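Q: Fold the following, please.
(2 chains)
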2 protein chains.
Amino acid sequence: MAELWIKALSGIPLIQPGDDLSKIIYKALEVNHIQLQDQDVLVISSKIVSKAEGRFVDLSTVTPSETALQIAQETHKDPRIVHLVLQESVAISRKAPHVLIVQHRLGFVSANAGIDQSNVGENREMVLLLPENPDASAERIRQAFDNKIGVIISDSHGRPFRLGNVGVAIGVAGLPALVDLRGQSDLFGYELRISIQGYADLIASAAHLVCGEGNEGLPVVLIRGLTYTQTNGRANDLNRPPEQDLYR
Amino acid sequence: MAELWIKALSGIPLIQPGDDLSKIIYKALEVNHIQLQDQDVLVISSKIVSKAEGRFVDLSTVTPSETALQIAQETHKDPRIVHLVLQESVAISRKAPHVLIVQHRLGFVSANAGIDQSNVGENREMVLLLPENPDASAERIRQAFDNKIGVIISDSHGRPFRLGNVGVAIGVAGLPALVDLRGQSDLFGYELRISIQGYADLIASAAHLVCGEGNEGLPVVLIRGLTYTQTNGRANDLNRPPEQDLYR
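A: Presented below is the predicted three-dimensional model:
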């Protein structure tokens, strides 16, 4: 637990719809001379999962709804993007000029429902939705490897109070999303004040230190040295229930 | 940038008021057979910085104000703790039974102004305030080493929308707190949608994966392999200005 090795895999090609990510990662591990070990964690950018799953939308095919047109006017956004954001969401959290923050159908709160207009391809009219079911995508990749590994599908989120994006886990397989330290005693035997770690989010943030967000093309990161109980954590474990949220 | 090594230093003793943390870290590096290199980053738990700075308060010496008594009743909290929370804060963000979230005098928003009742000592009536000026504490430690290193004083924060604590930087020296990726182009030459990284917070979260929060006693973490521009980042760079915050 006291030492980690974090490595972005080189040799991941541009991902196309239909690509088998497990095979591609398998090959990249060979190229990087890495043999997976039990408890290794692979952190995979949601972008390449979306691409492999063909989650592209050509904006020229989108006819914005009346609601989308209205919110687009309020937020000075492309009404076709707003239409897709609403389609991917269950509720609007905040809107303001150039800002549209929603509760995604997957449960988390984020800007523009995670819809991506960068690195999508040479066609500027093409955008990319988040994976259909990132937990299931993570589980598929986990099962493709013989070792008992963990898999996290990561995204980048802004946040209230603090500037700068951080990594978050939107898909989890083979490891806990949260680690509950309650009941563990501290150095003096008292119960811990700070009790639950956002474990999968910590891992996603650690991976973001090496994968970059620009043109590095390093969408898969291996983390070795973590010690966790192999449980079926789910990304939704990280979503604070609205009734426990004083800010929603 | 593509590979990191993260190591929690063993051999850090229990810290007492007046201890020279730089000397203690220097010795721990020797014990761990580590020679610092330029661009190494030391992530130091705010708790040991507070202890070295003697930021203890004996609750039996605290006479709660009228306001503290009233808020303590609303929140079912110890009025003496509430008194200290208010003293360390500039505004209340949210209050509810068992919850008191404030804007700390240092600028960030957190529960209970970061006042710590765990791992403080054998005296249950003793609590620990955050360091007086964590940026200055980080800078002092940075200057004690010959190499051009970065230093982060870290704390653990809860957050809106998501469960589980994550690492945050409340003190920064020798490295940027935020990394602005705007202007960098993505793989296809378009401008990046996601533009600013919460760099020092990512580093603090990565360190939390190895330092634990319980009885491990691993309050100093070395991170090697980061590539950053040596700038005078400050923890306050990470605080979102209230006028840019739709949730405050």
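Q: show me where chain A has helices.
A: Listed in chain order, the helices of chain A (DSSP state H) span A:21-31, A:46-52, A:66-75, A:79-87, A:134-143, A:199-211.
Q: what residues does stretch A:26-38 touch?
A: A:7, A:9-12, A:144-149, A:220, A:222, A:224 (CB atoms under 8 Å, 6 or more residues apart in numbering or on different chains). No exception for glycine: its C-beta is placed from N, CA and C like everyone else's.
Q: could you redo the last one with a cut-off of 6 Å?
A: A:L9, A:G11, A:I12, A:F145, A:N147, A:K148, A:I149 (CB atoms under 6 Å, 6 or more residues apart in numbering or on different chains).
Q: about what we covered before: looking at the helices of chain A, which is closest to A:R234?
A: Minimum separation from A:R234 across those (CB to CB) falls at helix A:134-143, 5.2 Å.
Q: what does that closest one contact?
A: If you take CB under 6 Å, 6+ apart as the criterion, helix A:134-143 is touched by A:S22, A:V49, A:P131, A:V151, A:I153, A:I170, A:G171, A:V172, A:A173, A:G174, A:R234, A:A235.
Q: Intersect those with the contacts of chain B.
A: Near chain B, judged by CB under 6 Å from any CB of the partner chain, there are no entries from the contacts of helix A:134-143.
Q: Spatially, which two of the residues you listed are the most separated?
A: Largest separation among the contacts of helix A:134-143 by CB to CB: A:S22 and A:R234, giving 19.9 Å.
Q: Looking at those two, which is more packed in?
A: A:R234 (20 against 17; other CB atoms under 10 Å in any protein chain shown).
Q: The worst-scoring helix or strand of chain A on mean pLDDT pairs with which strands, and in what direction?
A: Least confident helix or strand, chain A: strand A:179-180 with a mean of 89, by mean pLDDT, DSSP states H and E. The pairing partners recorded for strand A:179-180 under DSSP bridges are strand A:196-197 (antiparallel).
Q: quick one: contacts of the partner strand?
A: By CB under 6 Å, 6+ apart, strand A:196-197 touches A:L178, A:V179, A:D180, B:G164, B:N165.
Q: count of neighbours near the second one?
A: The local packing of A:V179 (other CB under 10 Å) involves 22 other residues.
Q: Confirm for me that it is in contact with A:A200.
A: No. At 9.1 Å, A:V179 does not count as touching A:A200 under the criterion of CB atoms under 6 Å.
Q: bridging residues for the nearest residue to A:K77 once chain neighbours are set aside?
A: Using CB to CB, 6 or more residues apart in numbering or on different chains and skipping the chain neighbours, the partner closest in space to A:K77 is A:L100 (6.3 Å). Residues in a beta bridge with A:L100, per DSSP bridges, are A:K95.
Q: so how far is chain B from A:L100?
A: 11 Å (CB to the nearest CB, to the nearest Å).
Q: hmm, back to that, flag the least confident of the contacts of stretch A:26-38.
A: On pLDDT alone, A:N147 ranks lowest of the contacts of stretch A:26-38, at 88.
Q: State the phi and psi torsions of that residue.
A: Backbone torsions for A:N147, taken as degrees, to the nearest 10, come to phi -80, psi 160.
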